[in-house]
Every structure is written in C-alpha cells, then in structure tokens.
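Participant: dropping the sequence and predicted coords here.
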Amino acid sequence: MGMIRRNGAAKQHQDDHAVAIRFAEEHGLQHEHSRRKLVHQWDAYPFGVGSFRRARNVVHGALRGRSVTAFEYSYFLMSDSVEENGYQRDSAHWFLVCVVDLDHPVPSLAAVRNVWLEWHGDELPGPSIDVDHEKWSKMFTLVGEDEDFARAVVTSENAARCAEADIHAEWRFVNDELLLWVWRGRADNQLVPILDVAKPLIEAAEGYPRA
C-alpha cells in the first residue's frame, strides 16, 4: 500500500509539473521546478508554520500587465494523535501563492478569512477595520494600521468583487508587494482569476497619496 501511495504521489507531482510548464508557455512566463528561498522569504501565515515546506512550480514574469511571481507552496502539520493502525493523522496543506510587485511601498493591510483567523495569531498588521458590505464582513476581516488607506483600497465595489469571487483566498499588502494565497489553488485555473479580482485593489493602493 505504501508503494502505491508513493507512486501515485510521484505521478501527481509529474502531472502538476507538466501543467505548470504548459501554463507558463501559454502566458509567456518563465518556469522553475522549485525555488527554496521563497519558503523563507516571508514570516507571516501561510509561511512560518509546519514542516517539509516546499515552493514548487514557480512561474514568473508579466501577467495581466503586472510583474508577478507565483508558486505552489506546501507544508505538513504533524499530529500528536495516533490511529489504531499506528499511523499518525498528519495533514498536508498547499496553496497557490502569488506575489505582485507594486510601484512603491504602501501601508500594511490584510484581508483574512474569518474561518482562518486563528491561524494568524498575533501577526496581523494592526486593528480590525469595519467594511460596510454584509457579505464581505461575513467572510473576511480587514486588518491594518492606516484606516484611510484601508477604506481607499477596500471600497464597497472592491469588497463586493472579493466577496463574490468563488476563490478561497486571502491577501496582504507588505511594503512594495501584494501577497495573495489560494487554498489548494493551481496556477493554471486560478492565477488569472485572482489577479483580475486583485487588480482594482492594486490600482487603489498604488493611487493612494503617499505621506
């Protein structure tokens, strides 16, 4: 049984690799099998937790008019519980992570899914900020230190776009980058849609008057 599982995992890895290469070629992007330093480049969730962290199928270049780096990020959480057959209930987690370069640094701001709040602990960049959009508020918590910047970025229209998107994602502005991560996402079917949703947020952030 163990050999079958390993063979199945290897086959899935090869298939994912081929799909990522094809996606990169179709969109004029560069592809790398892995880039280890991406695992350690950020400290906040979804980074900095778990074991056996990997950044695979890295694609980078210009997409939807933006300079992006996207990759499949995975890690394992080891469980203390043991089943009757002696196996631990370890769990694998993976995300599609997309990093969008901004043209200048902006205030820190994060949109966190309410059901994932506990994963972020005390690393969120400031107090929560109310958003006047019912569906958004049921799904997300907006956190940041600059309330004026937050309201300029997450307008009612932009909140609606995020809330209506059928994508299990979170995002965070950090210095001159926007980080987005999609739970169990793949570049071939979710990178372009999430960039389209994020585009108005990026434009609003870059257009906000600098101090």
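Facilitator: Nice, thanks for sending it over. Numbering: from 1, shown residues only.
Participant: please enumerate the helices of the chain.
Facilitator: Ranges of helices in the chain, per DSSP state H, are 2-26, 117-120, 134-139, 147-153, 156-164, 187-207.
Participant: contacts for the fourth one, please.
Facilitator: Meaning helix 147-153. With contact meaning C-beta atoms under 8 Å, 6 or more residues apart in numbering, helix 147-153 is reached by Val106, Pro107, Leu109, Ile129, Leu142, Gly144, Phe173, Leu201, Ala204, Ala205, Gly207, Tyr208. Heads up, the C-betas are built off the backbone N, CA and C, glycines and all.
Participant: residue contacts, the last one?
Facilitator: In other words, Tyr208. Val106, Phe149, Ala152, Val153.
Participant: of those, which is the most crowded?
Facilitator: Counting neighbours by other C-beta atoms under 10 Å, Val153 comes out on top of the contacts of Tyr208 with 26 neighbours.
Participant: determine which two of the contacts of Tyr208 are furthest apart.
Facilitator: Val106 and Ala152 (10.1 Å; C-beta to C-beta).
Participant: Gly144: neighbour count?
Facilitator: Here the number of neighbours of Gly144 (other C-beta under 10 Å) works out to 24.
Participant: where in this protein is the helix or strand with the lowest mean pLDDT?
Facilitator: Lowest mean confidence among the helices and strands of the chain (mean pLDDT, DSSP states H and E): helix 2-26, at a mean of 71.
Participant: now, which of the contacts of helix 147-153 sits nearest Ile194?
Facilitator: Of all these, Ile194 sits closest to Leu201, with 10.8 Å by C-beta to C-beta.
Participant: what distance do you get for the closest one to Ser91?
Facilitator: Per C-beta to C-beta, to the nearest Å, Leu201 is found 31 Å from Ser91.
Participant: of the two, give the one with the bigger neighbour count.
Facilitator: Remark: of Leu201 and Ser91, Leu201 carries more neighbours, 23 against 11, as counted by other C-beta under 10 Å.
Participant: isn't that one up against Leu178?
Facilitator: Yes - using C-beta atoms under 8 Å, Leu201 makes contact with Leu178 at a distance of 7.3 Å.
Participant: pick out the residue closest to the middle of this structure.
Facilitator: Closest to where the C-alpha atoms of the chain average out (C-alpha atoms, centre = their mean) is Trp181, at 0.9 Å.
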